[in-house]
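>>> okay, sequence plus prediction incoming.
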Amino acid sequence: MGRWEPNGRERLAKAALELYGERGFEQTTVAEIAKRAGLTERTFFRHYADKREVLFAGSGELERRFTEAVADAPLADAPLDALAAGLDAVCETFEELREFAGKRHAVISATAELRERELIKLASLAAALADTLRRRGVPEPAASLTAETGVAVFKVAFERWITADERRPLVQLARDSLEQLKTVAMGGAPTGAAGGAAPAPAEASPGG
């Protein structure tokens, strides 16, 4: 096998997700991932530090896009409007990754270690956003509150987006979630999917 392998990183990611879905993350080895991709373990480690990084390698790019878009928003924008610019920039990059994102989410949701790592990555994103907002002149605690809001809005919109029956783009869902939050914060009633006021919640029963 030659030293150069075209699309090696993508092939390894695809193979890893297939195996994580079939066998579970903990039961899958790097050797198995490399074999499924038709590559060597040495090639795997040229692209990823370990098998977890197949799932988290894009976190740095997500953080960079989000913070740069917030930083580049007009200085006259309110903090939530600057945040909306960041949400738009991030969400647009996900549209071509829907299948990968859905499979990744399923693997992470099934593994406690990965859920913990995902929370750490989201906390890092919130901290970076808060720092960006402070550099824009937003004081505390408003900067941290806005940053945490941005991460929560993205998380809620993303989890709606990857459901099987959802067809709306992620950017639309994120904008909708942000507007819903603004409405609630102003004392208004949130709207349902059809645009009307949401019905009063029924009394929950144990387990759902």
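Received it, and whenever you're ready, just let me know what you need. Note that the structure is predicted; figures quoted are calculated from it, not measured. Numbering: from 1, shown residues only.
>>> tell me the mean pLDDT over the longest helix along the chain?
When the chain is parsed with DSSP state H, its longest helix is helix 112-135. Averaging pLDDT along helix 112-135 yields 97.
>>> hmm, who's touching the strand or helix carrying Thr67?
Using DSSP states H and E, the element containing Thr67 is helix 59-72. In this structure, residues lying in contact with helix 59-72 by C-beta atoms under 8 Å, 6 or more residues apart in numbering are 82-83, 85-90, 93, 121, 124-125, 128-129, 131-133, 135-136, 150. C-beta: built from backbone N, CA, C; applies to glycine.
>>> which among those count as buried?
82-83, 85-90, 121, 125, 128-129, 132-133, 150 (16 or more other C-beta atoms under 10 Å).
>>> what about the helices in this structure?
8-23, 30-37, 41-47, 53-56, 59-72, 79-94, 98-109, 112-135, 142-161, 170-185.
>>> how about residues contacting the shortest one?
Spelled out, it's helix 53-56. By C-beta under 8 Å, 6+ apart, helix 53-56 touches 12-13, 16-17, 33, 48, 104, 107-108, 114, 117-118, 121.
>>> what do you get if the cut-off is 7 Å, keeping everything else the same?
Leu12, Ala13, Ala16, Tyr48, Arg104, Val107, Ile108, Leu114, Arg117, Lys121 (C-beta atoms under 7 Å, 6 or more residues apart in numbering).
>>> could I get those residues as JSON lines with distance to Phe25?
JSON lines is the format used below for the contacts of helix 53-56 (distance: C-beta to C-beta, whole Å):
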{"residue": "Leu12", "distance to Phe25": "15"}
{"residue": "Ala13", "distance to Phe25": "14"}
{"residue": "Ala16", "distance to Phe25": "9"}
{"residue": "Tyr48", "distance to Phe25": "14"}
{"residue": "Arg104", "distance to Phe25": "11"}
{"residue": "Val107", "distance to Phe25": "6"}
{"residue": "Ile108", "distance to Phe25": "8"}
{"residue": "Leu114", "distance to Phe25": "6"}
{"residue": "Arg117", "distance to Phe25": "11"}
{"residue": "Lys121", "distance to Phe25": "16"}
